[in-house]
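Undergrad: Give me a 3D structure for the following:
(chains A and B)
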Amino acid sequence: MEPYKTHTSIAALMNRSNVDTDQIIPKQFLKKVERSGFGVHLFHDWRYNDDGSDNSEFELNKPAFKGAKILVVGDNFGCGSSREHAPWAIADYGFNTIISTSYADIFYNNCFKNGILPIRVNDQQLAALMAEISAKEGVQFTVDLANQSVTTPGGNGFNFDIDPFRKGNLLSGLDDIGLTLKHVDKIGAYEEKHKKTFPWLWAN
Amino acid sequence: MKLTMYQKIWDSHLVVEAEGQAPLIYVDRHLMHEVTSPQAFEGLRMAHRKVRNPHSILATMDHCVPTKDRHLPIADPIARKQVEVMAENCKENGLNLYDLKNPNNGVIHVVVPEHGFVHPGMVVVCGDSHTATHGAFGALAFGIGTSEVEHVMATQCLPQKKSKTMLVKINGHLPKFSTAKDIALAIIGKIGTAGGTGYVIEYAGDAIKDLTMEGRMTLCNMAIEAGARAGLIAPDQKTYDYLKGKEFAPKGAAWDQALAYWQSLPSDEGAQFDAVVELQAADIAPQVSWGTSPEQVIGVNGVVPAPESFDNEGKRKACESALAYMGLEPNTKITDIPIDFVFIGSCTNGRIEDFREAAQVAKGTKVANGITAIAVPGSYHVKQQAEQEGLDKIFIEAGWQWRDPGCSMCLAMNGDELSKGQRCASTSNRNFEGRQGKGGRTHLVSPAMAAAAAAAGHFVDIRTLN
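TA: Take a look at the predicted model:
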């Protein structure tokens, strides 16, 4: 995983709530056995017309949002299916930061495994950020994960909370599994105890 | 100290809590299907890692598999490849796989309980949000992403943040014709699809005790639709009777030992929950979703709400766009909504009791003109049992299609899908835009409600049927 670096990028706006992972990446694209190449299918059903051309009504097709790395969205983003294809598609499209009031649980976890920073803000902060983007589409925000801050030209900057463990992993681009395997002795010891306490679990 | 069931399971599975790291939780059972696992196996191979405990894994093929003409090769080459890759991965790692030719094949969350693979007090994961189903047994069961699937294969552990606890109490007894599905939808209607975010829900109350194990699975299955990490129901005699004698259930002296442990699991009397929600069972009518989120749901005797009936801007906007997508006018009676398609099946409502309930309503009826109705058993065992009871004949005589098992139209990635604008009465769990096919319109209902709609051509208040 690429380490997350401070960046200044276009913030794209999707003023929609409860965007589910079926919308982020529709099921017809889940049959691939690779991790890459999902970006072109991101938000497929909204993004393309029936003939395959770009739907000019769809927010992310606006020229001002081209190249955006930051996605500002409504409440409860990423609800529904656990498919990690959703963050794969988001990252492959080019986003590395999402700003919303809330995320579905599994999606939120999946983001961190893929170098995506999901930032939580309150209702007022989100409204102000949305208003700033609407007033000047193409506006760039600066995200500094180390200092847990977002700054905007319109003065709607803020500091955000994030779990220190997850922050560290994003900043270092560290492999989660390697980190767990540092405790392999403790896992082994737990298993020995587990076999004694719950022997029936190991019988089959 | 008085402990909740969640706390007890958490405590018994905590492997290490290191400074500056998320606590590591041990995983007892890992369930798998073809869609969310291939990239995890690829990751293991690339890192030269091995599956730590192959016996903890049970795998099936369900999401992209056809539900008819199963003797033929899968027509879609990408789906065929996914199924082949699953078979290779399981073989290479020595995993127990119920492939398409295996008599145990079916939808993962239907198959696993059939074989007694999940017991009370376990931690269970699967790269599938409906893993919550297994909370019906008093197991902490939750969906994970593919990176986490790889993590569990390699380490048998997961870094986890502790959830808050929510007690959802359903007081009193359900009225006739209301089911576990209606409880699930009524709860989501009340607390919303984000209402349970950050929580593990424990369901309790007389109406929950009354439910069969299959009903409890239906209810816990949809905990995820309320945003919760997991749903839990305290194990009781029904749980033990269900498990006894099953292939992976403990036997002999081990059974007694396990049983004593299971009986220690229910939340202590007076244990504190972070939130409590109560519903009266008597108020729960058969539910029908009208929108594009499971929280957009109402009793069958109700009407489609108007956007202005919501007190917040977000919900008003969501109602407007849902009505536009669903092609519905405010104040339309639910029972006046015509349908084109009916689907009975899925990990929510694809078990034998679901087909019994639906068959009881379908018996002696005919599918209304112009309507396609498909019955998709959750597993080959469900199919076989239904056929032994003659349920297949009831459906077929009524004009239904009787299929082979799979996820089918719950997520419509196997070719079973709606066309643009078609409207479906579905026993599945999600009514998202395009979930059952691009432009398709989904109404979530119980199996009996789906069967009644198939015969009438529109929704029917089953309480008014003879």
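Undergrad: Can you pull the residues of the stretch 201-350 of chain B lying near chain A?
TA: The stretch 201-350 of chain B comes close to chain A at residues B:227-229, B:247-248, B:250-251, B:254-255, B:257-258, B:261, B:293, B:314, B:317-318, as judged by CB under 8 Å from any CB of the partner chain. Bear in mind the C-beta positions are built from the backbone N, C-alpha and C, glycine included.
Undergrad: check contacts around B:Ala184.
TA: Contact partners of B:Ala184, counting by CB atoms under 8 Å, 6 or more residues apart in numbering or on different chains, are B:Thr218, B:Leu219, B:Asn221, B:Met222, B:Glu225, B:Thr348.
Undergrad: Same list (those) but as TSV, adding secondary structure, pLDDT and neighbour count.
TA: Formatted as TSV, the entries for the contacts of B:Ala184 read as follows, by DSSP: H, G, I helix; E, B strand; the rest coil; pLDDT from 0 to 100; neighbours: other CB atoms under 10 Å in any protein chain shown:
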residue	secondary structure	pLDDT	neighbour count
B:Thr218	helix	98	31
B:Leu219	helix	98	30
B:Asn221	helix	98	27
B:Met222	coil	98	26
B:Glu225	helix	97	26
B:Thr348	helix	98	31
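Undergrad: Which helix or strand contains B:Pro175?
TA: Using DSSP states H and E, B:Pro175 falls within no helix or strand.
Undergrad: for B:Val112, same thing?
TA: With secondary structure defined by DSSP H and E, B:Val112 is part of helix B:108-114.
Undergrad: out of the contacts of B:Ala184, which one sits closest to chain A?
TA: Minimum distance to chain A across the contacts of B:Ala184 is 8.1 Å, recorded for B:Glu225 (CB to the nearest CB).
Undergrad: Leaving out the residues flanking it, which one is nearest to that closest one?
TA: For B:Glu225, the nearest residue in space outside its immediate sequence neighbours is B:Pro294; the separation is 4.4 Å by CB to CB, 6 or more residues apart in numbering or on different chains.
Undergrad: before we move on, back to that, check the residues of the stretch 201-350 of chain B next to chain A against A:Asp105 and report the nearest one.
TA: Taking CB to CB as the measure, A:Asp105 sits nearest to B:Arg229 out of these, at 5.5 Å.
Undergrad: quick one: which of the residues of the stretch 201-350 of chain B next to chain A is most hemmed in?
TA: Counting neighbours by other CB atoms under 10 Å in any protein chain shown, B:Ala228 comes out on top of these with 30 neighbours.
Undergrad: Can you tell me the SS state at it?
TA: Counting by DSSP: H, G, I helix; E, B strand; the rest coil, the backbone at B:Ala228 sits in coil.
Undergrad: Looking at chain A, which strand is longest?
TA: Secondary structure of chain A per DSSP state E: the longest strand is strand A:7-14.
Undergrad: Quick check: neighbours of that strand in the sheet, parallel or antiparallel?
TA: Next to strand A:7-14 in the sheet, as set by DSSP bridges, lie strand A:70-73 (parallel), strand A:140-144 (antiparallel).
Undergrad: now could you export just the CA positions of it as PDB?
TA: Output in PDB follows, covering the C-alpha atoms of strand A:7-14 (Å, rounded to 0.1, in the frame of the first residue of the first chain):
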ATOM      1  CA  HIS A   7      -1.800  16.700  -0.700                       C
ATOM      2  CA  THR A   8      -3.800  19.600  -2.200                       C
ATOM      3  CA  SER A   9      -6.400  18.400  -4.600                       C
ATOM      4  CA  ILE A  10      -9.700  19.100  -6.200                       C
ATOM      5  CA  ALA A  11     -12.700  18.200  -4.000                       C
ATOM      6  CA  ALA A  12     -15.600  16.600  -5.900                       C
ATOM      7  CA  LEU A  13     -19.100  16.900  -4.500                       C
ATOM      8  CA  MET A  14     -21.800  14.200  -4.500                       C
END
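Undergrad: Now do it: everything it contacts.
TA: Residues outside strand A:7-14 that contact it (CB under 8 Å, 6+ apart) are A:59-60, A:62, A:64-74, A:95-97, A:99, A:129-130, A:133-134, A:137-143, A:152.
Undergrad: Could you report the separation of the closest residue to chain A within the stretch 301-450 of chain B from A:Cys79?
TA: Of the stretch 301-450 of chain B, the residue with the smallest distance to chain A, taken as CB to the nearest CB, is B:Met413 at 3.9 Å. With distances defined as CB to CB, to the nearest Å, the gap from B:Met413 to A:Cys79 amounts to 19 Å.
Undergrad: Which one's more surrounded, these two?
TA: A:Cys79 (30 against 24).
Undergrad: now the helices for chain A?
TA: Counting by DSSP state H, one finds helices in chain A at the ranges A:21-24, A:44-47, A:85-93, A:105-112, A:123-135, A:164-172, A:176-181, A:184-197.
Undergrad: I'd like those helices written out as CSV, with mean pLDDT added.
TA: Shown next, in CSV, are the helices of chain A (pLDDT from 0 to 100):
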stretch, mean pLDDT
helix A:21-24, 96
helix A:44-47, 96
helix A:85-93, 97
helix A:105-112, 96
helix A:123-135, 98
helix A:164-172, 93
helix A:176-181, 91
helix A:184-197, 96
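Undergrad: could you dump those helices to a markdown table with mean neighbour count and distance to B:Ala425?
TA: Formatted as a markdown table, the entries for these read as follows, by neighbours: other CB atoms under 10 Å in any protein chain shown; distance: least, CB to CB, whole Å:
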| stretch | mean neighbour count | distance to B:Ala425 |
| --- | --- | --- |
| helix A:21-24 | 25 | 19 |
| helix A:44-47 | 18 | 22 |
| helix A:85-93 | 25 | 28 |
| helix A:105-112 | 26 | 28 |
| helix A:123-135 | 16 | 36 |
| helix A:164-172 | 17 | 42 |
| helix A:176-181 | 19 | 42 |
| helix A:184-197 | 13 | 46 |
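Undergrad: Let me know which of these is the nearest to B:Val460.
TA: Comparing the helices of chain A against B:Val460 with CB to CB, the closest turns out to be helix A:21-24 (28.4 Å).
Undergrad: Which strands or helices does that closest one pack on?
TA: Using 3 or more CB pairs under 8 Å, 6 or more residues apart in numbering or on different chains; DSSP states H and E as the contact criterion, the secondary-structure elements in contact with helix A:21-24 are helix A:85-93.
Undergrad: Off-centre distance for the helix it packs on?
TA: When C-alpha coordinates are averaged (CA atoms, centre = their mean, to the nearest Å), helix A:85-93 and its chain have centres 8 Å apart.
Undergrad: try stretch A:121-132
TA: Between the mean C-alpha point of stretch A:121-132 and the mean C-alpha point of its chain there is a distance of 18 Å (CA atoms, centre = their mean).
Undergrad: Could you list the alpha-carbon positions for that stretch in PDB?
TA: C-alpha atoms of stretch A:121-132 as PDB (Å, rounded to 0.1, in the frame of the first residue of the first chain):
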ATOM      1  CA  VAL A 121     -17.200  15.700  10.000                       C
ATOM      2  CA  ASN A 122     -20.400  17.000  11.700                       C
ATOM      3  CA  ASP A 123     -23.500  18.200   9.800                       C
ATOM      4  CA  GLN A 124     -22.500  21.900   9.900                       C
ATOM      5  CA  GLN A 125     -19.000  21.200   8.600                       C
ATOM      6  CA  LEU A 126     -20.300  19.100   5.800                       C
ATOM      7  CA  ALA A 127     -22.800  21.700   4.800                       C
ATOM      8  CA  ALA A 128     -20.100  24.400   4.800                       C
ATOM      9  CA  LEU A 129     -17.800  22.200   2.600                       C
ATOM     10  CA  MET A 130     -20.600  21.400   0.200                       C
ATOM     11  CA  ALA A 131     -21.500  25.100  -0.100                       C
ATOM     12  CA  GLU A 132     -17.900  26.000  -0.700                       C
END
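Undergrad: Can you list the neighbours in contact with it?
TA: Contact partners of stretch A:121-132, identified using CB under 8 Å, 6+ apart, comprise A:11, A:13, A:15, A:72, A:74, A:99-101, A:139, A:141, A:152-154, A:156, A:158, A:160.
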